[in-house]
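>>> Give me a model of this one.
(chains A and B)
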Number of protein chains: 2
Amino acid sequence: MTERMATPDGVRRAAERLKGKALLTPLIENETLNEKVGGRILMKAEVLQHCGSFKFRGAYNLLSQMNPNQRKRGVLAWSSGNHAQGVALAAKLLDIPATILMPADAPALKAERVRGYGATIITYDRYSEDRETIGRTLAAERGMTLAPSYDDFDIIEGQGTLALEAACQAAELGAAFDVFITCCGGGGMTAGCATILEEVSPATQIAIAEPEGFDETWASIRDGVLRKADISRRTLCDALASPAPGELTLPIMARRVSAGASITDDEVQAAVAYAFKYLKLVVEPGGAVALAAVLTGKIPAAGRTIGLTLSGGNIDPSLYAQILSDFA
Amino acid sequence: MTERMATPDGVRRAAERLKGKALLTPLIENETLNEKVGGRILMKAEVLQHCGSFKFRGAYNLLSQMNPNQRKRGVLAWSSGNHAQGVALAAKLLDIPATILMPADAPALKAERVRGYGATIITYDRYSEDRETIGRTLAAERGMTLAPSYDDFDIIEGQGTLALEAACQAAELGAAFDVFITCCGGGGMTAGCATILEEVSPATQIAIAEPEGFDETWASIRDGVLRKADISRRTLCDALASPAPGELTLPIMARRVSAGASITDDEVQAAVAYAFKYLKLVVEPGGAVALAAVLTGKIPAAGRTIGLTLSGGNIDPSLYAQILSDFA
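Model (predicted):
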């Protein structure tokens, strides 16, 4: 028996499952940005993915492999919103009942859209309650399948499909990534991208961008010790406010990630405003940390071809208006 | 001698000139929108084009054909901003000095970017002065080549390249447009799109969307008489506030355009907010009227495949924030 792990072939199989289901999102290039940072920046615009983030990829990859009995009993997920939407839409397409555990202070737009896909929402208090305990208990009681937001090989391989696409799209432009920067929360996307890029673009360095205070993944990799975030701390990057890197994702990242950038709330807001002004893309704070890493120079871009993820665009209009007023 | 006219071959030659210069912008599809309107909506995201609008296409097509003597004397254009940016960038790439005549109340972001491309700006009062008279006088005095914003065959053919791309992209999806809706000001883009679609997609109906008060193009076509807009009137769609359809564009449109939608300021703001919320694209009011035509049902979408242009995304942050606060 072979131990299950994330593999490049697994990412390719995920890409097959996602064919005609997920959107082939564009790899965006912007002359003004290139000139500003002195490099070539190729941005995978997952804000244009179904549900406004990359999360549909992993969710559909996982749910589409559930057997008929599992499908009947339904799926449960916890998420601040993007994974929730991805699971809700994948469940809708596959006709699987979905229950989503969301923090009570999740962006209203995210909750609204989860309900719009027909899922049932249960809320919890992000600052005092442990979503994992609540979720596991509920799932066990009702026989539901868990759809983890990052610590699952099918999720990891599903998210990795975006890097497979991005590498092909870069090749079509005659380019190859010197560095690929992900927006990193629990590490599902990072681990998936690292897994496939190791095969299709072995010279590419993997870097991660994290919000200040939730930069425990790079700290864990750098220090060789598991670091945890202080989850009582607030961040604008709700999508990246995971308490710790995953048990499955961390070893993959530790082997492949060679740089990390910690991004402040001000820096990420400047990146959101930059994307508005010059890219014409709506990017949420958690989806803009990789761009911020380039704009701030925390990941040096001069003379390099950098791939990065604009990983999500689900932001409440009032926060967006505030960011434009302060930073655009 | 053959009289110059806009032709499908001209659009193809423009596409050759633009290869590697203009971006191949994505054709965006959104499940939520499709469900809402009951049809299949394929949106050509020209907000992602260089300078945030389709205008670079026509400008580069025209300027790249100037001879060395003309290039030395420079180019002059008048524009509320998008054409200005397109001309300024094309001029920069081709090393041609550019002078741009802009209304004093043009969005600050547009003026800033025109200056950023190294062009000289001269302002005029949109409500009392005639930009054409000022522009022609200046150009004649200084021997500069005029780059009209729409009434020019090279401009028309350049803009038409977006419809050539869109038709190919739709074909890759196994789709064909029943209707193609343009955001219509002076008619350069509409005439160019109509010209090429007549050849590559002859069954496609051409429809135009115009802002209320500046809906003189459809009125002219419908009534068979040249109608003019009241240019003292204010509109949020600064990009479409042209005084009348062009002399060259109107005959082409009159032959091919079979429907028109007049869009109110409220309707276009709702469309801008919709694009924020669901498409994650920043679209300016003038670039959102075609989407508004679908969202309002003014161009019926049920059971049809509709192509449309999201033609520009250059909007001041303060206006955008206001629209989100009122309509999102």
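
>>> Per-residue pLDDT of residue A:128, please?
What the model reports as pLDDT for residue A:128 is 85.

>>> ditto for residue A:234
Confidence score, pLDDT, at residue A:234: 87.

>>> That one: what secondary structure?
Under DSSP: H, G, I helix; E, B strand; the rest coil, the three-state class of residue A:234 is coil.

>>> Just give me the neighbour total for it.
Neighbourhood size, residue A:234 [other Cβ atoms under 10 Å in any protein chain shown]: 12. Bear in mind the C-beta positions are built from the backbone N, C-alpha and C, glycine included.

>>> And it, how close does it get to residue A:127?
Per Cβ to Cβ, to the nearest Å, residue A:234 is found 9 Å from residue A:127.

>>> for residue A:208, what are its contacts?
Going by Cβ atoms under 8 Å, 6 or more residues apart in numbering or on different chains, residue A:208 touches A:181, A:182, A:183, A:184, A:190, A:217, A:218, A:253, A:257, A:259, A:260, A:261.

>>> Same list, the residues you listed, but as a markdown table with pLDDT, distance to chain B and neighbour count please.
Conversion of those to a markdown table gives the following (pLDDT from 0 to 100; distance: Cβ to the nearest Cβ, whole Å; neighbours: other Cβ atoms under 10 Å in any protein chain shown):
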| residue | pLDDT | distance to chain B | neighbour count |
| --- | --- | --- | --- |
| A:181 | 98 | 20 | 31 |
| A:182 | 98 | 18 | 32 |
| A:183 | 98 | 15 | 34 |
| A:184 | 97 | 21 | 35 |
| A:190 | 98 | 22 | 35 |
| A:217 | 97 | 26 | 29 |
| A:218 | 97 | 27 | 21 |
| A:253 | 97 | 27 | 24 |
| A:257 | 98 | 27 | 23 |
| A:259 | 98 | 28 | 18 |
| A:260 | 98 | 26 | 22 |
| A:261 | 98 | 23 | 22 |
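
>>> Any idea what residue A:181 is bridged to?
Judged by DSSP bridges, the bridge partners of residue A:181 are residue A:207, residue A:308.

>>> wait, it sits on residue A:300?
No: using Cβ atoms under 8 Å, residue A:181 makes no contact with residue A:300, being 11.3 Å away.

>>> list the helices and strands the helix or strand containing residue A:100 packs on?
Using DSSP states H and E, residue A:100 maps to strand A:98-103. Packed against strand A:98-103, as judged by 3 or more Cβ pairs under 8 Å, 6 or more residues apart in numbering or on different chains; DSSP states H and E, are the following elements: strand A:75-78, helix A:82-94, helix A:108-116, strand A:120-124, helix A:131-142.

>>> How far does the fourth one sit from its chain's centre?
Taking Cα atoms, centre = their mean, to the nearest Å, one finds the center of strand A:120-124 at 21 Å from the center of the full chain.

>>> So which elements touch it?
Checking 3+ Cβ pairs under 8 Å, 6+ apart, strand A:120-124 ends up next to strand A:98-103, helix A:108-116, helix A:131-142.

>>> so what's residue A:200 scoring on pLDDT?
pLDDT, residue A:200: 98.

>>> For it, list the residues it contacts.
Neighbours of residue A:200 in contact, by Cβ under 8 Å, 6+ apart: A:8, A:164, A:167, A:168.

>>> returning to that earlier point: could you dump the helices and strands packed on strand A:120-124 into JSON lines and include distance to residue B:36, mean neighbour count and mean pLDDT?
Shown next, in JSON lines, are the helices and strands packed on strand A:120-124 (distance: least, Cβ to Cβ, whole Å; neighbours: other Cβ atoms under 10 Å in any protein chain shown; pLDDT from 0 to 100):
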{"stretch": "strand A:98-103", "distance to residue B:36": "21", "mean neighbour count": "24", "mean pLDDT": "92"}
{"stretch": "helix A:108-116", "distance to residue B:36": "11", "mean neighbour count": "20", "mean pLDDT": "84"}
{"stretch": "helix A:131-142", "distance to residue B:36": "32", "mean neighbour count": "14", "mean pLDDT": "91"}
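
>>> Quick one: closest of these to residue B:209.
helix A:108-116 (26.6 Å; Cβ to Cβ).

>>> same for the closest one, what does it pack against?
Helix A:108-116 packs on helix A:82-94, strand A:98-103, strand A:120-124, going by 3+ Cβ pairs under 8 Å, 6+ apart.

>>> Buried deepest among the ones you listed, which one?
Comparing those by mean neighbour count (mean count of other Cβ atoms under 10 Å in any protein chain shown), helix A:82-94 ranks first with a mean of 27.

>>> backbone phi and psi for the closest residue to chain B within the stretch 51-200 of chain A, please?
Using Cβ to the nearest Cβ, residue A:52 is the residue of the stretch 51-200 of chain A that sits closest to chain B, at 5.4 Å. Phi and psi for residue A:52, reported as degrees, to the nearest 10, are phi 80, psi 20.

>>> Please determine how far the residue nearest to residue A:188 when sequence neighbours are not counted is located from residue A:288.
In this structure, residue A:188 finds its nearest non-sequential neighbour in residue A:150, 3.1 Å apart by Cβ to Cβ, 6 or more residues apart in numbering or on different chains. Going from residue A:150 to residue A:288 by Cβ to Cβ gives 19 Å.

>>> Show me what residue of the stretch 151-300 of chain A gets nearest to chain B.
For the stretch 151-300 of chain A, Cβ to the nearest Cβ, closest residue to chain B: residue A:280, 3.6 Å.

>>> re earlier: angle of the strand holding residue A:100 against helix A:108-116?
Per axes from the mean of the first three to the mean of the last three Cα atoms, to 10 degrees, the angle that strand A:98-103 makes with helix A:108-116 is 160 degrees.

>>> three-state assignment of residue A:228?
Per three-state DSSP, residue A:228 ends up coil.

>>> Can you give the distance of stretch A:219-232 from its chain's centre?
Using Cα atoms, centre = their mean, the offset of stretch A:219-232 from its chain centre is 19 Å.

>>> Going by neighbour count, list what's buried in it.
A:219, A:220, A:221, A:229, A:231 (16 or more other Cβ atoms under 10 Å in any protein chain shown).

>>> before we move on, what about stretch A:321-328?
A:321, A:323, A:324, A:327, A:328.

>>> now those residues in a markdown table, with distance to residue B:20, pLDDT and secondary structure?
Compiled in a markdown table, those are given as follows (distance: Cβ to Cβ, whole Å; pLDDT from 0 to 100; DSSP: H, G, I helix; E, B strand; the rest coil):
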| residue | distance to residue B:20 | pLDDT | secondary structure |
| --- | --- | --- | --- |
| A:321 | 38 | 97 | helix |
| A:323 | 35 | 97 | helix |
| A:324 | 33 | 97 | helix |
| A:327 | 33 | 95 | helix |
| A:328 | 31 | 92 | coil |
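
>>> Identify the farthest-apart pair in those residues.
Going by Cβ to Cβ, the pair spanning those furthest: A:321 and A:327, at 11.3 Å.

>>> ok so, going back, check the buried residues of stretch A:219-232 and tell me the two furthest apart.
Largest pairwise distance in those, by Cβ to Cβ, is 19.6 Å, between A:221 and A:231.

>>> Next one: residue A:1, what pLDDT does it get?
The predicted local confidence for residue A:1 is 51.
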